[in-house]
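Peer 1: okay, sequence plus prediction incoming.
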Amino acid sequence: MDLVFSAFTVLLFAAVILAIEGAWLWWSGSHGGAAQRIARRLQLMAARADGSERVTILKQRRYSAQPVLDGWLRRTPHMDKLDRLLLQAGMDWTVARFGAMQGALLLAALWLPAMLGAPWMARLAALAAAAAGPALLLLQARERRMRKLEAQLPEVADFLGRALRAGHSFANVLQMVGNEMPEPTGSEFRMAYEEINYGVPMNEALHNLAARIPLTDLRYMVIAVLIQRESGGNLAELLDNVSAMVRARLKLMAQVRVFSAEGRMSAWILGLLPLGVMALMSLLNPGYVSVLWTDPYGEQLLWYAAGAMLTGVLWMRSVIRIRA
């Protein structure tokens, strides 16, 4: 009996270990780093069955999964600019999905304040927030991604120079950068390499890379590569010079941010202080503050205050915004 129980215990232990190992292998195969890299590559360059691929073999992004809606959006002005913003922000949304989300927010901003009986200024503020909020978030995501790309550019230039000195071709170097560099730089260079594999000329693939990443430093690097391909020269040394220039500019920009930190903090405090005081007074003494939106003169004062605050914020932004 003891032998049977011991054998059962050993087999149960082995079954649990094998189950845990199988679950781990399944998780790493479907959600691990290698699986995610493969999924991103397929999403970037392969045509999926649902038609929502990011880049097709025809190098044409889809604005919508529905062909009719896609054709209508392509005929609508400025949709290409919105699609370019989505691409530069690193979002896998289509133009149709972004427009649907924008429309849902606008409907909610029109319906919810009216149902709650909010004053008309609150309704106007909710409508303005719903109209401008998604665009501001998209621009913020794009700016954040561009900053990451800019910070990784010196390392990319050094990587390219070292690989070229080792004897690799430039196309292979692009593949190495796409595989070795972290996101978001890796995915952009992988896309350029895949375009070359699909038969796109090297010059056009580099121009597409510069169009997807509207950074001046990257354009300098692309121009240097294109000039070297036409006239010859030491491309590795040229890339080292570009890397040194980008590092010097980033260092200067960091110093500028340090020197302007006090001005930015003052802008935030002066911009948020009136709103915070008004919210606090609304909690402590609502009847005292409600005169601002119940009395005609109070409404005029609110409009004047909003205009003055907006003017002050824009003015302080222009003062502390220094481009190197």
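Peer 2: Cool, the structure landed. Numbering: from 1, shown residues only.
Peer 1: right, and the helix or strand after the helix or strand of the chain with the lowest mean pLDDT?
Peer 2: In the chain, no helix or strand scores lower on mean pLDDT, DSSP states H and E than helix 33-45, which sits at a mean of 60. Downstream of helix 33-45, the next assigned helix or strand under DSSP states H and E is helix 67-75.
Peer 1: what helices or strands is that next one leaning on?
Peer 2: Identification of packing neighbours for helix 67-75 by 3 or more C-beta pairs under 8 Å, 6 or more residues apart in numbering; DSSP states H and E yields helix 95-116. All C-beta atoms are positioned from the backbone trio N, CA, C, and that covers glycine.
Peer 1: next SSE after the helix it packs on?
Peer 2: Immediately after helix 95-116, counting by DSSP H and E, sits helix 120-165.
Peer 1: and the helix or strand just after that following helix, C-alpha only, in PDB?
Peer 2: Downstream of helix 120-165, the next assigned helix or strand under DSSP H and E is helix 170-180. Extracted C-alpha coordinates of helix 170-180, given in PDB (Å, rounded to 0.1, in the frame of the first residue of the first chain):
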ATOM      1  CA  PHE A 170      23.900  48.700 -45.700                       C
ATOM      2  CA  ALA A 171      20.700  46.600 -46.200                       C
ATOM      3  CA  ASN A 172      22.000  44.000 -43.800                       C
ATOM      4  CA  VAL A 173      22.900  46.800 -41.400                       C
ATOM      5  CA  LEU A 174      19.300  48.000 -41.500                       C
ATOM      6  CA  GLN A 175      18.100  44.500 -40.600                       C
ATOM      7  CA  MET A 176      20.500  44.400 -37.700                       C
ATOM      8  CA  VAL A 177      19.300  47.700 -36.400                       C
ATOM      9  CA  GLY A 178      15.700  46.500 -36.700                       C
ATOM     10  CA  ASN A 179      16.500  43.300 -34.700                       C
ATOM     11  CA  GLU A 180      18.900  44.700 -32.100                       C
END
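Peer 1: verify the stated contact: Ala122 with Ala109.
Peer 2: No: if you go by C-beta atoms under 8 Å, Ala122 and Ala109 don't touch, sitting 10.4 Å apart.
Peer 1: out of these two, which sits in the busier spot?
Peer 2: Neighbours were tallied for Ala122 and for Ala109 using other C-beta atoms under 10 Å; the higher tally belongs to Ala109 (20 against 13).
Peer 1: what sits against that one?
Peer 2: 123, 126-127, 129-131 (C-beta atoms under 8 Å, 6 or more residues apart in numbering).
Peer 1: quick one: it from Ala132, how far?
Peer 2: For Ala109, the distance to Ala132 equals 11 Å [C-beta to C-beta, to the nearest Å].
Peer 1: same question for Gln175.
Peer 2: With C-beta to C-beta as the criterion, Gln175 and Ala132 are 41 Å apart.
Peer 1: which of these two has more neighbours?
Peer 2: Using other C-beta under 10 Å, the more surrounded residue of Gln175 and Ala132 is Gln175, with 19 against 10.
Peer 1: grab the nearest non-local neighbour of the more buried one.
Peer 2: Distances taken as C-beta to C-beta, 6 or more residues apart in numbering put Tyr193 closest to Gln175, at 4.6 Å, once the chain neighbours are dropped.
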